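**Student:** Give me a 3D structure for the following:
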Amino acid sequence: MQLFLPSVLLAILAIAIIFAVMPNFSPLVIVAMSAVILVAGTYHHFRTFWNEYQQSTWQNNLKLFAPGVMLVVILLYLFVAIGSFFTGGSVPVPSLPNTELPSAESATNPVTAAINSTMNTVNSAINTVSNSASSAVNSVANSVGLNTKNTSAKNNGITRSVLATV
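**Tutor:** Residues are numbered from 1 along each chain as shown. Purely as a prediction, here's the structure:
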């Protein structure tokens, strides 16, 4: 029990760190880290259990059958691969049910017409208000004498603004 709880807490801490940090790494970094951890784990495993591997002798008798097993597996793979070329390779695809959708014009015409008429009404109202406000300001400026703009001559000199020459 004394070794169980610290290892569980260490595993929970490792999981928390992995969920917090790993999403920020790129896939290349994750692959490199997993390769390093795999090599380190394999090295540690063989270093720890080397004696067990040395003392294990039950598979020595199977060494005689290894070439035959490999030949059978390779030949079986070749027969299946060659056989797949002669079967036609057609995959049955189920037919899709016919779905009849309304045409795009019938689906969008009433909506588009309503939006266009609304936009045209709003634009004409804005233009009417803008024109009436502009004419009111100009008439007040003319009556007071503030409108001294010379519209007959254009300014062809060097200015800071392109609008001054228009």
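**Student:** For L28, give its distance to I17.
**Tutor:** Separation of L28 from I17 (Cβ to Cβ, to the nearest Å) stands at 20 Å. (Glycine included, C-beta is placed from N, CA and C.)
**Student:** what helices or strands is the host helix or strand of A125 leaning on?
**Tutor:** Assigned by DSSP states H and E, A125 belongs to helix 104-144. Under the contact criterion of 3 or more Cβ pairs under 8 Å, 6 or more residues apart in numbering; DSSP states H and E, helix 104-144 touches no helix or strand at all.
**Student:** Report the mean confidence score over it.
**Tutor:** In this model, helix 104-144 has an average pLDDT of 83.
**Student:** how far does that helix sit from the chain's center?
**Tutor:** 41 Å (Cα atoms, centre = their mean, to the nearest Å).
**Student:** One more: stretch 45-60?
**Tutor:** Worked out by Cα atoms, centre = their mean, stretch 45-60 lies 48 Å from the chain centre.
**Student:** try stretch 63-78
**Tutor:** 45 Å.
**Student:** who are the neighbours in contact with P92?
**Tutor:** If you count contacts by Cβ atoms under 8 Å, 6 or more residues apart in numbering, P92 has none.
**Student:** Before we move on, what's the pLDDT of it?
**Tutor:** Among the per-residue scores, P92 shows a pLDDT of 76.
**Student:** Same check on I158?
**Tutor:** pLDDT for I158: 57.
**Student:** Where do the helices of the protein begin and end?
**Tutor:** Ranges of helices in the chain, per DSSP state H, are 4-21, 27-48, 50-55, 66-86, 104-144.
**Student:** Which one, of the ones you listed, ends up nearest to V93?
**Tutor:** In terms of Cβ to Cβ, the element of the helices of the chain nearest to V93 is helix 66-86, at 18.3 Å.
**Student:** how near is I17 to S134?
**Tutor:** Separation of I17 from S134 (Cβ to Cβ): 67 Å.
**Student:** cool, F4 as well?
**Tutor:** Distance, F4 to S134, using Cβ to Cβ: 85 Å.
**Student:** and if you look at I12?
**Tutor:** Distance, I12 to S134, by Cβ to Cβ: 72 Å.
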